[in-house]
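Q: dropping the sequence and predicted coords here.
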Protein chains: 2
Amino acid sequence: MRSNNKRNEILAAALQVVQESGANHLTIDAVANRAGASKGGVLYHFKSKRDLLRGMLDNLIENNARRIEARKSGDSSLAALLHEENQLTDAEHLASLALVAACAEDPELLTPAREHIGEVLAQISAESSDYDQALILFLANEGLRFLNLFALNPMSSAEVKEVRRRLRQKAMEI
Amino acid sequence: MRSNNKRNEILAAALQVVQESGANHLTIDAVANRAGASKGGVLYHFKSKRDLLRGMLDNLIENNARRIEARKSGDSSLAALLHEENQLTDAEHLASLALVAACAEDPELLTPAREHIGEVLAQISAESSDYDQALILFLANEGLRFLNLFALNPMSSAEVKEVRRRLRQKAMEI
DNA sequence: TTTACTGTACCATCCGGACGGTATAGTCAA
DNA sequence: TTGACTATACCGTCCGGATGGTACAGTAAA
């Protein structure tokens, strides 16, 4: 193994392409160029474009699950989730673009993501005494995430931080 | 004018294509077939694919704005927005897929949508005494919308209705 | 020697868009 | 009222370029 992280570089490059050009312009060629790899190289790691999309999504879900798990010591799942959301780097936020790319290509690819969200929601439900309020906070966080994802959010980054702080605070109060 | 609503049929067909096949497969041909039109016919109404996307988005924004305006008698903008969200037909919910399609093609197309959201938020901010809470409710509604949009929502439609009821109730309390 | 690539060449298909043509509806002067 | 003209609303075809995918030969580190 000369460099085990070429695969990750390809994944990161794919997200950058989506961010800059839109999911329609996520082509194997574009990803290869971005990653400093050849088309053959990309196809070596991912058998097809679909496979690349799956890889992007797997990555997103796995990191998400790991983050929640890692934080879940004293806090509730929801609090952990909200807290971690605040700590993410831009690159990690960018990872959510995998959703858009996958949805653009084929909505069926989202099935694992749907299942993941179902599990997260089940956990939150199991832990919380006020499920309705917890759900609202969860949804607000998702709304914020999606709005940012589509670059639809007119708030400044300071405002975003403040909103996230508020969400965390309310999550603690439940 | 032989039939002035062909344009609308094309717009509706485009959304169906996106829903079924993903935004990547939104092609002028596919839309034409769906709408029972020819490719030339589609290009008559929309000069280019970009123009079609713009049309889809304009439609979405316009309807959204009109609905809020129409309802804004006694209620706050937020309450009006949440209430209307509950009344929407599936077809109208589907309309939000225009966002995905536009983002997939070219993120820049979303600029008018971003401005629209900015205005909505400004209105909510101007009206509300508890802006933070209003914002959270707004975001939760958006989160719900996006989750449904991507078919990522594991909730049943009854649960969704209940959540929306809760959001409206809380909006009244502010 | 195997693993992990690069690079090139190539094919089939899809797609956006241009173009030419057609049919209907409305306008308006004689 | 009729004929000439124009605008609107399409249809069908064709083309060039982009794209996904394959095949294969070479290379270099582990």
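A: Right, received. Where do you want to start?

Q: so what's the residue count around A:Glu20?
A: Neighbour count for A:Glu20, taken as other C-beta atoms under 10 Å in any protein chain shown: 11. No exception for glycine: its C-beta is placed from N, CA and C like everyone else's.

Q: quick check: it vs DNA strand C, distance?
A: Using C-beta to the nearest atom of the strand, to the nearest Å, we find A:Glu20 at a distance of 19 Å from DNA strand C.

Q: three-state assignment of that residue?
A: At A:Glu20 the chain is in helix, as set by DSSP: H, G, I helix; E, B strand; the rest coil.

Q: ok, A:Ala102 touching A:Leu110?
A: Yes: between A:Ala102 and A:Leu110 there is a contact under C-beta atoms under 8 Å: 5.8 Å.

Q: identify the contacts common to these two.
A: Common neighbours of A:Ala102 and A:Leu110, using C-beta atoms under 8 Å, 6 or more residues apart in numbering or on different chains, are A:Leu57.

Q: the two: who's more crowded?
A: Remark: of A:Ala102 and A:Leu110, A:Ala102 carries more neighbours, 27 against 21, as counted by other C-beta under 10 Å.

Q: in which helix or strand does that one reside?
A: helix A:97-105 (DSSP states H and E).

Q: likewise for A:Asn153?
A: When the helices and strands are read off by DSSP H and E, none of them contains A:Asn153.

Q: right, and it touches A:Val163 too?
A: No: using C-beta under 8 Å, A:Asn153 is not in contact with A:Val163; the gap is 9.9 Å.

Q: can you work out which residues contact both of the two?
A: Counting by C-beta under 8 Å, 6+ apart, the common neighbours of A:Asn153 and A:Val163 are A:Leu144.

Q: the two: who's more crowded?
A: Legend: neighbour count by other C-beta under 10 Å for A:Asn153 and A:Val163, higher for A:Asn153 (23 against 19).

Q: distance of that one relative to B:Leu121?
A: Distance, A:Asn153 to B:Leu121, by C-beta to C-beta, to the nearest Å: 9 Å.

Q: and A:Tyr131, how many residues sit next to it?
A: Using other C-beta under 10 Å, A:Tyr131 has 15 neighbouring residues.

Q: next one: the one 5 residues further on
A: Applying other C-beta under 10 Å, we find 24 other residues in the vicinity of A:Ile136.

Q: could you do A:Ser38 as well?
A: Residues lying near A:Ser38 (other C-beta under 10 Å) number 12.

Q: what's it in contact with, if anything?
A: Contact analysis of A:Ser38 by C-beta under 8 Å, 6+ apart lists A:Ala32.

Q: re earlier: is the helix or strand just after the helix holding A:Ala102 positioned near chain B?
A: Next in sequence after helix A:97-105, counting helices and strands by DSSP H and E, comes helix A:111-127. Yes: against chain B, helix A:111-127 shows contacts by C-beta under 8 Å from any C-beta of the partner chain at A:Ala113, A:Arg114, A:Glu115, A:Ile117, A:Gly118, A:Leu121.

Q: residues of chain A that sit close to DNA strand D?
A: A:1-2, A:25-30, A:39-40, A:43, A:47-50 (C-beta under 7 Å from any atom of the strand).

Q: 6 Å instead, please
A: A:Met1, A:Arg2, A:His25, A:Thr27, A:Ile28, A:Asp29, A:Lys39, A:Gly40, A:Leu43, A:Ser48, A:Lys49, A:Arg50 (C-beta under 6 Å from any atom of the strand).

Q: can you give me the distance of the fourth one to B:Asp106?
A: Using C-beta to C-beta, one obtains 15 Å as the distance from A:Thr27 to B:Asp106.

Q: for DNA strand C, what is the nearest residue in chain A?
A: A:Gly41 (1.8 Å; C-beta to the nearest atom of the strand).

Q: may I ask you to name the longest helix in chain A?
A: helix A:49-71 (DSSP state H).

Q: could I have the CA atoms of that one written out in CSV?
A: The C-alpha coordinates for helix A:49-71 follow below in CSV (Å, rounded to 0.1, in the frame of the first residue of the first chain):
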residue,chain,number,x,y,z
LYS,A,49,-19.9,6.2,-10.3
ARG,A,50,-22.7,4.7,-8.3
ASP,A,51,-20.1,3.0,-6.2
LEU,A,52,-18.4,6.3,-5.6
LEU,A,53,-21.6,7.9,-4.5
ARG,A,54,-22.2,5.0,-2.1
GLY,A,55,-18.7,5.5,-0.7
MET,A,56,-19.4,9.2,-0.2
LEU,A,57,-22.6,8.4,1.7
ASP,A,58,-21.1,5.6,3.7
ASN,A,59,-18.4,8.0,4.8
LEU,A,60,-20.9,10.6,5.9
ILE,A,61,-23.0,8.1,7.8
GLU,A,62,-20.1,6.4,9.5
ASN,A,63,-18.5,9.7,10.7
ASN,A,64,-21.8,10.9,11.9
ALA,A,65,-22.5,7.7,13.9
ARG,A,66,-19.0,7.7,15.3
ARG,A,67,-19.2,11.3,16.5
ILE,A,68,-22.4,10.7,18.3
GLU,A,69,-21.1,7.5,19.9
ALA,A,70,-17.9,9.2,21.0
ARG,A,71,-19.6,12.0,22.8
